[in-house]
Every structure is written in structure tokens, then in C-alpha cells.
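Engineer: Sequence isn't available, so here's the structure alone:
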Ligand code: DPP
Ligand code: ZN
């Protein structure tokens with residue numbers, strides 16, 4: 001693949017005035033007629049040819065101003081159409097006819113078929129698989145779309161914008177015409193045709209316009225779309241209330257399809273969703289599913305302003321719409337649910353995914369400078385770190401100036417294809433702050449490490465905080481400049497009360513935000529009457545790794561008294577991680593297969609007895625504190641994950657040792673908290689009918705977390721089996737199944753539950769994904785054989801991305817001991833699977849391949865085996881650009 005560079009950006013030579021598309025739909029031979037009206041851009045080279053993108057296209061006719069074009073004036077390949085001798089100034093019309101095969105389109109990019117439904121996915125470069133086109137986000141145009149199709153099979157014909165009209169078309173066909181008045185780039189084009197059920201509602205906007213809301217799902221699934229509809233209406237209202245953004249068409253449609261590479265797509269007026277993020281009812285969806293649906297419905301809706309009205313100049317600016325829109329959907333969810341709990345979940349996810357990406361071979365800036373395959377940049381760095389960067393702007397400016405900056409951005413750039421610079425300039429302007437150092441967050445990859453040390457001088461009443469920041473080298477960026485890092489903080493007295501300083505020197509401190517801008521910086525707080533405990537990076541105000549050796553007593557104080565719930569959770573985590581790491585180091589690589597449990601158990605506690613005791617005590621007191629919301633207490637009980645421990649260790653990773661260390665600590669806490677967990681399982685239970693609201697979900701989360709500990713303390717599946725039998729909603733049912741299957745996989749109880757679940761939900765693919773996923777995640781060497789057996793289960797369909805992610809994805813991403821088995825067999829299996837999947841769906845293959853991005857952190861034996869498997873992939877012929885790009889970057893250096 002070719003390297004595309006940000007530095008090479010230049011506008012097109014031709015301006016596209018309008019687009020008229022006519023589709024004659026056919027499963028294998030769809031005819032697409034595209035009429036494009038262009039004029040040469042003022043100042044452009046008067047002899048420059050028109051160069052249009054294509055991808056696997058077949059050109060059947062080409063007209064210039066309605067007349068067949070002279071063959072000497074153009075060159076067509078499946079990937080490129082070049083037309084020469086075009087007018088210097090006046091507008092002209094190009095009419096292109098292509099033939100495409102939706103049924104054969106297994107990449108799920110462009111126009112394809114999902115369960116008999118025609119649908120499209122055009123971001124980033126799928127439109128060029130439909131017709132030759134200037135397929136780049138800075139080419140905005142208005143579209144008219146005519147769809148002709150067999151009426152019986154496709155009663156529904158949809159595209160962007162407003163419905164113009166429709167009629168019969170002879171021979172059992174009919175047609176529909178749509179017009180989208182809002183200029184848009186081709187990646188926001190959408191077409192859907194087929195036979196679907198409909199759920200309808202309306203929303204009245206702040207200016208009093210009534211918008212028709214339509215959600216299309218497979219027939220019979222309509223009742224499962226009501227939560228999505230509710231989430232949509234709440235999203236529309238919230239964007240008006242919080243960002244002053246009103247919807248701009250008379251109709252907003254969502255179509256749920258079952259074969260989809262991403263979560264969903266924000267096409268103008270016609271969102272297409274992975275049905276996993278639309279369909280929910282208590283019997284089939286978990287609390288987490290409901291929360292995801294709410295977040296993704298909101299995310300795609302919010303794109304209407306951040307992405308569609310204001311789009312990206314080029315794909316390097318992807319974070320401009322994605323990071324910002326993730327920030328917006330996070331704020332929405334925080335307002336709908338518990339802000340602190342939401343923040344904890346976000347940070348867990350950020351660390352588990354983005355920090356890992358940022359410290360490995362795939363690290364790249366939030367705004368990359370180059371790419372070989374743009375599909376590989378829909379990453380957690382662009383999305384989640386992009387959101388964090390937006391959040392830091394809000395932290396630095398404060399809510400009022402942040403709002404003013406957003407308002408300016410919407411006003412100034414509505415209708416534009418904008419850049420990150422345009423965005424940042426709005427905030428610099430309203431705040432009169434120089435944000436040039438801050439902009440390094442967009443351009444420098446790598447998670448900053450901030451080392452902290454404190455000193456207190458009782459005589460002088462002076463508290464000194466030394467900070468040092470180091471941004472590690474990342475691919476292509478060996479040397480880094482210091483960043484502007486906004487750290488929220490507080491000082492606590494020994495009793496846990498806030499301590500105020502009389503003054504501060506050494507740098508900017510505004511309100512509760514300390515601005516670290518130098519490589520090394522010392523902040524001196526004066527007038528401090530007693531030794532304070534520093535609570536730093538409250539709310540995770542900056543996405544950095546703190547190296548701050550606070551002793552267990554200080555951490556315990558923060559855990560029990562901080563005014564910031566996030567910090568309380570973080571302190572617990574900081575108490576747990578050293579214990580877990582030390583224990584993993586001690587048992588790593590030298591424990592025989594027999595007797596692991598006992599050795600590990602003693603190791604967990606022996607590693608640092610004081611810390612282990614402080615942790616257990618703090619943890620149980622938080623979990624037992626009825627004044628705290630149950631969802632928060634459940635987060636506390638979740639403990640750092642195996643991936644968290646691996647990241648903390650950083651190198652020479654032995655996933656088995658990490659697993660043992662974590663299990664030992666779980667056992668220790670289960671033993672110490674036995675009575676409390678018993679009480680919680682009873683006390684958090686409810687007889688009320690299921691409701692997905694945050695408070696009810698929080699109670700279930702705490703109950704289920706406590707149940708998990710209880711079952712492990714007893715080393716007996718009976719309580720989980722009982723919970724499975726009693727469950728009256730999918731949250732409780734799938735949790736009980738998970739506990740049974742994860743901890744007691746070979747028992748009769750686990751097998752019975754698996755059998756029951758499979759029978760009960762036969763025919764419901766989304767629920768069976770949970771059945772595949774839970775089995776794919778069972779730890780240990782037996783996992784690989786289980787995966788292979790499950791692949792021949794009739795419910796497994798390798799053509800459906802959700803199924804592949806549920807089985808192979810869960811194995812690779814969520815089963816460290818199974819996937820990283822010491823003999824490397826799972827790496828070889830994954831290499832085989834990647835090569836097979838790549839033939840069908842390169843995007844999916846490339847995404848699965850990133851599961852091996854941490855290979856260099858593994859202990860040497862595993863690392864060698866992982867490298868060999870990656871080399872096998874690299875040497876294979878016929879790799880897609882997607883997989884080639886990822887495997888080459890992973891092996892480089
Ligand atoms: N559909 C994806 C998202 O909304 C890409 N735009 O993030
Ligand atoms: Zn998005």
C-alpha cells in the first residue's frame with residue numbers, strides 16, 4: 001500500500017456541484033448511474049485531468065455532457081477513472097454507469113447484502129466501491145438518489161435526506177426518490193432497501209418542528225427497539241439543552257442490520273446500526289447492552305453536528321469528529337447515569353485499550369501524520385484519547401469558556417470540512433490562551449509518565465510537589481517535547497478533610513487544576529498547617545500514568561475520604577496493583593502445575609502484607625458502605641484486571657502467573673468478606689420487575705459481584721447454579737452462567753447451564769454470542785480446543801462479524817491464559833484464522849490481529865512464538881492492505 005501524508009494535502013482541482021444517483025438494485029448485478037456536475041476550481045491548473053477513485057469497479061458507460069465520451073479522453077481501471085481535456089471554467093456533466101455485485105461483497109464496505117437487506121457502509125472509502133467518485137471528505141455536495149427495485153422483496157427504499165416521492169416502475173418494480181439538501185461528503189451516503197419492521201415516534205425540536213423518528217428492524221423484533229427509540233429522544237433533547245444543537249431534517253431513520261463491521265454509522269438522516277446496538281429487552285439484553293445502546297445511539301446522533309454539519313477536511317482529522325463525539329456521548333451518559341461510575345468505566349477502558357496501543361508498535365498520534373490504510377485508524381487512540389484531549393480543553397478553560405468555544409466552532413465552521421487547528425483556534429480565541437503547547441496532545445503519541453514526589457516542611461508550613469514528565473518514544477517519534485498536562489488535585493488532612501493553601505508558587509494553579517507544562521516543575525503550597533495527603537489527577541483529568549509512591553496509609557485515606565469518587569476508586573486500585581504485581585513476579589515462571597493455588601495465595605499476601613491488609617480493609621469498608629451508590633461499590637469489587645496487571649508489569653509477561661496472582665487475591669478478599677458478600681447478595685436482590693435504569697443496574701452489579709466472590713470462597717458452583725435458575729433477566733442469567741463456566745467449567749452444573757442457555761436462546765444470534773463469548777473466555781490451556789469445537793457449532797457463522805468477534809475475538813482479547821498458552825499453539829491458530837478471514841473481510845481480520853500488539857511485552861518464549869506466527873502472516877501472499885499494514889507495523893523495529 002501507498003503511504004498517504006498529511007503534509008501532501010491539497011484541495012481538489014474540481015468542485016462537485018451536485019450528485020444524482022440512480023440504483024437499479026439486483027442482488028448480483030446492481031446498476032448504478034451517477035451524474036456528477038463539476039466545475040474547475042478557480043486558480044486550478046486548467047489542464048489538470050479529473051481523477052476519480054474506484055475500488056473493484058466495472059465501468060459500463062461514460063458520458064460527457066450526455067454524450068458518449070471519446071475513448072481517447074479517459075482511462076479506466078477498477079481503481080481509477082481519469083478523464084482529460086475538460087473545460088477550463090464552465091460546468092460540465094459526467095455520467096458514469098457501473099455494475100456491482102452486492103451479494104459478493106463480503107468486505108461489508110460499499111453496497112452489500114445483510115440477511116437479504118441491501119445496505120451500505122461508505123466510511124471511510126466505501127463509496128468508491130459503488131461508483132467512481134472524488135471519494136474524500138472535503139468534497140461536499142448535495143445528493144439526489146433514485147432507487148429502483150423489486151417491490152415484493154423490497155417494499156422499503158431508503159436514502160439520506162427527505163423523501164421526494166415514489167411510484168410503480170413496471171414489471172413488479174417500484175422506485176423511490178430522496179433528496180438531501182445538506183451538502184455532504186460521500187462517506188455519509190447511505191442506501192437501504194428490503195423488507196423490515198418499523199417502530200415510529202416523533203420529536204419536537206426546540207424551535208417547535210416535528211421530526212419523524214423511524215427505527216427499522218427485522219420483522220418481529222419491533223418490541224426490542226423501544227429502548228433505542230427512548231435513547232434517541234433523550235439524545236436529541238440533551239444536545240439541545242447542553243450544546244444548543246437542533247436536528248435539521250424532517251425525518252431521522254435508524255436501520256438495524258446483522259452484518260456490520262463497526263458499531264454503527266452516522267449517515268446523514270439514515271443511521272445504519274449493528275443490530276447488537278439497537279435490540280434489547282430484559283430477557284435478551286444485559287445492563288451493559290442497554291448502556292451501550294444508549295451510548296451508541298447518542299454517539300451517532302451527535303455526529304449530526306460533530307461530523308456531518310462540520311466534517312473533516314481529510315482522514316488525518318478523524319479525531320475532530322470521533323474524539324469530540326465520544327466526548328459528547330460520554331457527557332451524555334454521565335448525565336443520564338452516575339457521572340463518577342461512568343468515569344471509572346471510561347478510564348478502565350482507556351487504560352485497557354488505549355494505553356496498551358499507545359505503548360506498543362501500533363502507537364500513533366491522536367492525529368496521525370501518515371497512514372497506509374485509513375481503516376486501521378479507527379482506533380482507541382483516535383476515539384478515546386481524542387475524547388480525553390477534548391475533555392482536557394474543557395478542564396483548562398472551565399465550563400463557560402468551553403461552551404463559548406464550542407458555540408464559536410459550530411457557528412464558524414458549519415458546512416465546512418474542518419481541521420484540528422480550526423477547532424483548537426476557537427478555544428484559543430474565546431479564552432485568549434495560547435494553546436500551541438496543548439496541541440502537542442494531537443501530534444505526539446505515547447502516554448506521558450508523570451513522576452511525583454512530595455515533601456512537607458512543618459516549620460515553614462510548606463508543601464512541595466515535584467513533578468517530572470516524560471513522554472516515551474513511539475514509532476517515528478523518538479524525541480518528545482513536554483506537554484501541557486492539567487491535573488485536578490486536592491490536599492487532605494489526616495482526618496480526610498480538605499486543606500487549603502494560602503498561596504502557591506512554581507506554576508499555574510487555577511482553582512483545583514494544576515498545570516504541568518515544564519519537563520520538571522516544582523509547586524510550593526504555603527500556609528499548610530499539617531502534613532497533607534495529595535490527591536492527584538482527580539477525575540482522571542489527564543490521560544497520563546502517575547508514578548507516585550504513596551504509602552498504604554495515604555492511599556487508604558484517599559480511598560475512604562476523598563471528595564472525588566474517582567480518586568477513591570483509583571486509590572484502591574493503587575493499593576491492589578503493587579500487591580498483584582509482586583505476587584505475579586514471585587510466582588512467574590517457576591511454579592509447577594501442581595499446587596499453584598496454595599503457593600499463589602501465600603504469595604499475594606506475602607508480597608506486601610501491609611498493603612494487602614490495607615487494601616482488604618479499605619475495599620471491604622467501601623463495599624459495605626450503604627451511603628455509597630451500589631454501582632460504585634461494584635466497581636471497587638472489580639479489582640484490577642489481568643490486563644491491568646500486565647500493563648503495570650510492562651515486560652516479561654507471564655499471563656499464567658498474573659492469573660494466579662489475581663485469583664489468589666480474589667480468594668483472599670472473598671474469605672475476608674464472606675459475611676458482607678452474603679448480605680449483599682440478599683440485600684441487593686429485588687422483586688421489582690426489571691428496569692434498565694442506572695440505579696437498578698448498579699444494585700444488580702453489586703449483587704452479582706458479591707455473588708462471584710461468594711461462589712469462589714465456597715469453591716462450590718451451587719450458589720451460581722441457584723442464581724442461574726432464579727434469574728429473571730439476562731443480566732443475572734449471563735452473570736451466573738459466566739461464574740459457573742469460568743470457575744467450574746467441567747462441572748455438571750456448568751454444562752447443564754450451557755445446554756439450557758443454548759436451547760433457550762436457539763435462533764437468537766445476539767444472545768448466542770454471549771454463549772460463545774463466555775466459553776471462549778474460560779481461562780487455561782483447554783481454551784483452544786474449545787474454540788475449535790465451537791467453530792463447528794451450527795450457530796457459528798464465519799461471515800458475520802458479531803459471531804466472529806464473540807468467539808475468536810473474545811478468545812484473543814479477553815482470555816490471556818488461553819490465548820497466550822506457553823506452547824504458542826493459539827498464536828498459530830490465530831494466524832490461520834486471520835488469513836482465512838482476510839480473504840473475506842480485511843477490516844475484521846486486521847482488527848482481530850491487533851490482539852497480538854502486546855507481543856513484545858511477553859516473556860521471551862511466548863514472544864518468540866508470537867513473532868513466528870506474525871511472520872507467517874507477513875510472508876503470506878495476497879494479504880489485504882489492512883492486514884499487511886498492521887502486521888508490518890507490529891513486526892517493525
Ligand atoms: N460509525 C463510526 C462511528 O460513529 C465511524 N464514524 O464512530
Ligand atoms: Zn463516531
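Structural biologist: Noted; the coordinates are in hand. Since the structure is predicted, the reported quantities are computational estimates derived from the model, not experimental observations. Ligands and ions are numbered 1, 2, ... in the order given.

Engineer: Please give the centre-to-centre distance between stretch 279-291 and its chain.
Structural biologist: Centroid separation for stretch 279-291 versus its chain: 19 Å, with C-alpha atoms, centre = their mean, to the nearest Å.

Engineer: can you check stretch 444-456 too?
Structural biologist: Offset of stretch 444-456 from its chain centre (C-alpha atoms, centre = their mean): 26 Å.

Engineer: Does the helix or strand where residue 394 lies reach ligand 2?
Structural biologist: Following DSSP states H and E, one finds residue 394 within helix 386-397. No - Helix 386-397 is not in contact with ligand 2 by C-beta under 5 Å from the ion; minimum separation 10.0 Å. (Each C-beta comes from the backbone N, C-alpha and C, glycine too.)

Engineer: can you tell me the average pLDDT over stretch 129-143?
Structural biologist: The average pLDDT within stretch 129-143 is 98.

Engineer: before we move on, what about stretch 471-481?
Structural biologist: Stretch 471-481 comes out at a mean pLDDT of 98.

Engineer: Which neighbouring elements make contact with the helix holding residue 394?
Structural biologist: For helix 386-397, the packing partners by 3 or more C-beta pairs under 8 Å, 6 or more residues apart in numbering; DSSP states H and E come out as helix 318-336, helix 399-413, helix 420-431, helix 440-443, strand 485-492, strand 513-516.

Engineer: in the protein, which residue is closest to the centre?
Structural biologist: residue 380 (5.8 Å; C-alpha atoms, centre = their mean).

Engineer: thought that one was touching residue 354?
Structural biologist: Yes - using C-beta atoms under 8 Å, residue 380 is in contact with residue 354, at 4.2 Å.

Engineer: before we move on, back to that, how close does the residue nearest to the centre of the chain sit to ligand 1?
Structural biologist: Using C-beta to the nearest ligand atom, to the nearest Å, residue 380 is found at 12 Å from ligand 1.

Engineer: Let me know the pLDDT of that residue.
Structural biologist: 98.

Engineer: Ok, residue 610 next?
Structural biologist: So residue 610 comes in at 78 (pLDDT).

Engineer: For it, which non-adjacent residue is spatially closest?
Structural biologist: residue 552 (5.5 Å; C-beta to C-beta, 6 or more residues apart in numbering).

Engineer: before we move on, what about residue 200?
Structural biologist: Nearest residue to residue 200, sequence neighbours excluded (C-beta to C-beta, 6+ apart): residue 214, at 5.5 Å.

Engineer: List the beta-bridge partners for the one you found.
Structural biologist: Judged by DSSP bridges, the bridge partners of residue 214 are residue 200, residue 253.

Engineer: Go ahead and confirm it touches residue 251.
Structural biologist: Yes - at 6.8 Å, residue 214 counts as touching residue 251 under the criterion of C-beta under 8 Å.

Engineer: So, low pLDDT: which residues of the protein?
Structural biologist: Along the chain, the model assigns pLDDT under 70 to residues 589-607, 893.

Engineer: quick one: contacts for the closest residue to ligand 1 within the chain?
Structural biologist: Residue of the chain nearest ligand 1, by C-beta to the nearest ligand atom: residue 265 (4.1 Å). Contact analysis of residue 265 by C-beta atoms under 8 Å, 6 or more residues apart in numbering lists 121, 122, 123, 190, 271, 272, 273, 300.

Engineer: the residue most distant from the middle of the chain, which is it?
Structural biologist: Distance from the C-alpha centroid of the chain peaks at residue 459, with 50.6 Å (C-alpha atoms, centre = their mean).

Engineer: Tell me how far that one lies from residue 348.
Structural biologist: From residue 459 across to residue 348, the span is 42 Å (C-beta to C-beta, to the nearest Å).

Engineer: ok, back up a step: ok, and which of the contacts of residue 265 reach ligand 1?
Structural biologist: Subset of the contacts of residue 265 in contact with ligand 1: 123, 300, counting by C-beta under 6 Å from any ligand atom.

Engineer: Would you mind listing what in the chain touches ligand 1?
Structural biologist: By C-beta under 6 Å from any ligand atom, the residues of the chain that approach ligand 1 are 123, 262, 264, 265, 266, 299, 300, 303, 322.
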